[in-house]
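**Student:** here is my input; please provide its structure:
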Amino acid sequence: MSKLLQEQKIAKKVTLVGAVWDALLGLAKIIAGHFSQSQALLADGIHSLSDLVTDVFVYVTSANARRGPDENHPYGHLRFETLTTVLLGFVLMLVAIGIALDAITNNSQNAQFTWYGLAAILLTIVVKEAIFHYTKHAGEQIQSKMLVANAWHSRSDALSSVAVLAGLVGIYLGLPWADMAASIFVALLIGKMAIGMIWENLAELVDTAPDPKLMAQIKETANGLKNVMAPHDMRARSMAGKIYLDMHIHVPSHATVSEGHYLGDLVAYTIKQAHPQVADVMVHVDTDDTIQTDSFRKETTGKPSHLKLPSRQQILADLGYLLREHKTYLDIDNTRLHYLNKQLDIEIIALADKLTSEQQAAASQQILFILSNTSYIQYASVHWIYSSKKA
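**Tutor:** Next up, the predicted model:
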């Protein structure tokens, strides 16, 4: 089973458990609030049922957000989880406003203290606190901000139940206004949580950068690798608590393409192992002489100087013409090009089994003389190999 499917299974299971308890506790408190005429108890019951509504959102989103990338969603579907969390925040905001209005407009003078109301509140506090820890642990395990947000939703239910408990005690002591005060406190608590959820996830939707401290730690991880110098131009976006990272690294100037690819993969693997919240790393490999080029790229949209040098296709065409008298023992197509210090170094590949050692020395001298008069070549060398070891 893939990692995404495992995460989806965990999210759905945890949400289903929470939904069952939200339904039972919500109904119990609404019934108890009706018979005891307690607005705070009714509000808390509605809060629990609102948890049930959000549980449905979370369950449906969990079934889709953890699917892998497809043609229309090349980065996957995790943003659905972020969007759902924003919607949950708005739902909770409406619930908070409704509870506050009911508390202000309804008469709490008839509220009564009942032992079954007290039992419903105490049960809610214990169960919702347990669900909070259960859900939060699962959310952190699969790095799901949506699950963690839903966990805090459960914690808010437990805290609001504590407020309702205080209101019931106030009624028992002959303070009927305590019921209204507890309802308003519940509304404020839910509203504060809703604003936090909305703000944090809207920031994610507009690609706000992750925590600077985390970015510094990631950079330090890359910097600790041998042959990888000065990781820079790091950019990152968050999706449902997971980080998608782009970065540049410098490698030794004469590193081959395959070595650069190896070092890029090594950087990506090391970062993902050290920072599990990083889901993907895109590494751009620069040579250690391109720092000035990087600065130039930031300052202007003009053509960088090293791009003014000819491309491989043009160079091979030039070499084929200039070295046409030597083509019988040259492997022009496998010429190695090094774009360094805004200049071009080339290695000509020659087949050693075609000439004697004396002929090789003479041919090398002729080839280097011809190339020394080519304006865009800074340095040239001839590399003799046997055809059985052809590059």
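
**Student:** so what are the domain limits for the protein?
**Tutor:** The chain breaks down by automatic domain parsing into domains covering 3-205, 212-292, 308-389.

**Student:** any idea of the mean pLDDT for the last one?
**Tutor:** Looking at domain 308-389 alone, the average pLDDT works out to 89.

**Student:** got any ranges where the stretch 151-300 of the chain has weak pLDDT?
**Tutor:** 176, 179, 288-300 (pLDDT under 70).

**Student:** can you give me the strands for the stretch 251-391 of the chain?
**Tutor:** Ranges of strands in the stretch 251-391 of the chain, per DSSP state E, counting those that start in this stretch, are 278-287, 336-340, 343-351, 377-385.

**Student:** next, the buried residues of the second one.
**Tutor:** If I follow you right, that is strand 336-340. Neighbour-count burial for strand 336-340 flags 337-340 (criterion: 16 or more other CB atoms under 10 Å). Where C-beta positions appear, they are placed from N, C-alpha and C, glycine not excepted.

**Student:** ok, so of these, who is nearest residue 131?
**Tutor:** Nearest to residue 131 among the buried residues of strand 336-340 is residue 339, at 59.6 Å by CB to CB.

**Student:** quick one: that closest one from residue 19, how far?
**Tutor:** 60 Å (CB to CB, to the nearest Å).

**Student:** burial count for residue 358?
**Tutor:** A total of 8 residues lie near residue 358 under the criterion other CB atoms under 10 Å.

**Student:** go on, the one 5 residues further on?
**Tutor:** Burial of residue 363, expressed as a neighbour count using other CB under 10 Å, amounts to 21.

**Student:** could you measure from it over to residue 317?
**Tutor:** 21 Å.

**Student:** before we move on, what about residue 148?
**Tutor:** From residue 148 to residue 317 the distance is 59 Å (CB to CB).

**Student:** and the strand or helix carrying residue 35, what's buried?
**Tutor:** Residue 35 belongs to helix 3-36 when elements are defined using DSSP states H and E. Neighbour counts over helix 3-36 (16+ other CB under 10 Å) mark 4, 7-8, 10-12, 14-15, 18-19, 21-22, 25-26, 28-33, 36 as buried.

**Student:** thinking again about what came up before, possible to save the strands of the stretch 251-391 of the chain as TSV with distance to residue 241?
**Tutor:** Shown next, in TSV, are these (distance: least, CB to CB, whole Å):
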stretch	distance to residue 241
strand 278-287	9
strand 336-340	40
strand 343-351	46
strand 377-385	49
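
**Student:** closest one to residue 246 among these?
**Tutor:** Nearest of these (CB to CB): strand 278-287, 4.7 Å.

**Student:** report the distance from that closest one to the chain centre.
**Tutor:** 14 Å (CA atoms, centre = their mean, to the nearest Å).

**Student:** quick check: what element follows the helix holding residue 35 along the chain?
**Tutor:** helix 39-65.

**Student:** phi, psi of residue 210?
**Tutor:** phi -60, psi 180 (degrees, to the nearest 10).

**Student:** kindly report the same for residue 309.
**Tutor:** phi -70, psi 150.

**Student:** what's the burial count for it?
**Tutor:** Residue 309 is flanked by 16 other residues according to other CB under 10 Å.

**Student:** swap in the one 10 residues further on?
**Tutor:** Here the count is done by other CB under 10 Å, and residue 319 has 24 residues near it.

**Student:** one more: residue 246?
**Tutor:** Using other CB under 10 Å, residue 246 has 14 neighbouring residues.

**Student:** likewise residue 159?
**Tutor:** Neighbour number of residue 159 under other CB under 10 Å is 20.

**Student:** just give the number of residues close to residue 267.
**Tutor:** 22.

**Student:** er, residue 362 actually
**Tutor:** Neighbours of residue 362 (other CB under 10 Å): 12.

**Student:** could you number the chain from 26 rather than 1 from now on?
**Tutor:** Will do, 26 is the new start, and the previous item becomes residue 387.

**Student:** that one: what's it in contact with?
**Tutor:** Listed by CB atoms under 8 Å, 6 or more residues apart in numbering, the contact set of residue 387 is empty.

**Student:** mind saving the C-alpha coords of stretch 255-275 as PDB?
**Tutor:** Taking C-alpha atoms only, stretch 255-275 is exported to PDB below (Å, rounded to 0.1, in the frame of the first residue of the first chain):
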ATOM      1  CA  ALA A 255      26.300  27.400  -1.100                       C
ATOM      2  CA  PRO A 256      22.700  26.200  -1.500                       C
ATOM      3  CA  HIS A 257      20.800  29.300  -2.400                       C
ATOM      4  CA  ASP A 258      17.700  30.800  -4.200                       C
ATOM      5  CA  MET A 259      15.500  28.600  -2.000                       C
ATOM      6  CA  ARG A 260      11.700  28.800  -2.500                       C
ATOM      7  CA  ALA A 261       9.000  26.800  -0.900                       C
ATOM      8  CA  ARG A 262       5.300  26.400  -0.800                       C
ATOM      9  CA  SER A 263       3.100  24.500   1.600                       C
ATOM     10  CA  MET A 264       0.300  22.100   0.800                       C
ATOM     11  CA  ALA A 265      -1.700  20.800   3.700                       C
ATOM     12  CA  GLY A 266       1.300  20.900   6.000                       C
ATOM     13  CA  LYS A 267       3.700  19.400   3.500                       C
ATOM     14  CA  ILE A 268       6.500  21.500   1.900                       C
ATOM     15  CA  TYR A 269       7.400  21.600  -1.800                       C
ATOM     16  CA  LEU A 270      10.900  23.000  -2.200                       C
ATOM     17  CA  ASP A 271      12.900  24.500  -5.100                       C
ATOM     18  CA  MET A 272      16.600  25.300  -4.600                       C
ATOM     19  CA  HIS A 273      19.900  25.900  -6.300                       C
ATOM     20  CA  ILE A 274      23.200  24.200  -5.400                       C
ATOM     21  CA  HIS A 275      26.800  24.800  -6.500                       C
END
